[in-house]
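*Asks:* turn this into a model:
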Amino acid sequence: MSGKPEPTASPLTLSTLTSVAHAFEFVTTTLVHPVYFPYPYATTLHAARVSIAFQANVRASKSRQSWGTHAAGFLIMAWGGGVISHILLGLHPAQLYSVHPYINYLAVHFVLTAFCSVFPSALNPRLFDTLLFPLDAILRVNAITAAVNLLSLPSVDSRLRGSPLTHAILGAIGSAGGGTSAATLGAWTHAWSLSTPVFLRGRTEPGLFGWTAGTVDTLDLWAGSLIACLYAVLTAQPAFVGTPVYSLFAATHLDEKPVLSPLGAKALCTLVLGSLFGFRVWWAHWRAVLSGAQASGSSGSGKKGRKVKSQ
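*Replies:* Below you'll find the model as predicted:
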């Protein structure tokens, strides 16, 4: 015996993990409709969230795209991470042999595009990002863990399966591959061209603000690697068993049992990523608004105070 106490969790923590696990399972396994739209909520909601982001970028670019350019750009943003992950591992993505991903994603995108064309004010990224960041965390963890789970397929090289670096790379690609590919190509403009990937452009602001802004800008990338490695540790993937990181979670350093079930690990990863997404929402959408409101309040109080003094 190592003398190390068994890890315990409070009832509140277990209740939270259970609730998130149930939500995760529902989103990833339940079909929208078994007959008329037999696709999981996970892929359907992912198509909707990518559609909203893509349309917002198209509107911001003020480009007039053809339908072909528009649809192809959307699919690159939606599928880039999954397709790249499969190609790197020598696997065939479903988009190569099945029409169902096209039906699932394009149907959702065209419906939302038509809706936002009729009601332009409905396209409000700040509102959607603020209200739906917990859902975004579920969908992103689902994409990251799907990329990592590809390593368990027998056709994948065992050297990749046993490498922590491979897990980190796949996590980053699964999380940010689509958005990075679309941004690098300028897929929301009418004339695509290669540019520097967004995570390599850096920030010009000096000091702590510039560092924080750069960290938030690249959150999708590094958080994808973080979540991939955390999931691999919690589920006792061979690449991490016996490592110092694994020993932080396992009962003993030599224990090769999963710390959590795959669903439980996804739930914990969702909580971690959701916290990061919540911070990004505050930083990107509300920090300046709240700071401006506080400055206005302070200014108004100062003016009122000076007015009272002059009387």
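*Asks:* by contact count, what packs against the helix or strand harbouring residue 135?
*Replies:* Using DSSP states H and E, residue 135 falls within helix 125-149. Contacts defined by 3 or more CB pairs under 8 Å, 6 or more residues apart in numbering; DSSP states H and E place helix 125-149 against helix 11-29, helix 41-61, helix 67-88, helix 164-185, helix 219-234, helix 262-281. No exception for glycine: its C-beta is placed from N, CA and C like everyone else's.
*Asks:* to residue 241, which of those lies closest?
*Replies:* Of all the helices and strands packed on helix 125-149, helix 219-234 sits nearest to residue 241, with 8.7 Å by CB to CB.
*Asks:* so how far is that closest one off the chain centroid?
*Replies:* 11 Å (CA atoms, centre = their mean, to the nearest Å).
*Asks:* can you check stretch 171-183 too?
*Replies:* What separates the centre of stretch 171-183 from the centre of its chain is 9 Å, taken as CA atoms, centre = their mean.
*Asks:* same check on stretch 47-66?
*Replies:* 18 Å.
*Asks:* re the thing from before, any chance of a markdown table for the helices and strands packed on helix 125-149, columns mean neighbour count, mean pLDDT and distance to residue 195?
*Replies:* Below are the helices and strands packed on helix 125-149 laid out as a markdown table (neighbours: other CB atoms under 10 Å; pLDDT from 0 to 100; distance: least, CB to CB, whole Å):
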| stretch | mean neighbour count | mean pLDDT | distance to residue 195 |
| --- | --- | --- | --- |
| helix 11-29 | 14 | 91 | 34 |
| helix 41-61 | 20 | 97 | 13 |
| helix 67-88 | 20 | 97 | 14 |
| helix 164-185 | 23 | 97 | 6 |
| helix 219-234 | 24 | 96 | 16 |
| helix 262-281 | 20 | 97 | 23 |
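*Asks:* now render the ones you listed as CSV, adding distance to residue 150.
*Replies:* Shown next, in CSV, are those (distance: least, CB to CB, whole Å):
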stretch, distance to residue 150
helix 11-29, 16
helix 41-61, 17
helix 67-88, 6
helix 164-185, 7
helix 219-234, 11
helix 262-281, 14
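*Asks:* give me the pLDDT value at residue 200.
*Replies:* pLDDT for residue 200: 89.
*Asks:* centroid-nearest residue for the chain?
*Replies:* The residue lying closest to the centre of the chain (CA atoms, centre = their mean) is residue 140, at 3.6 Å.
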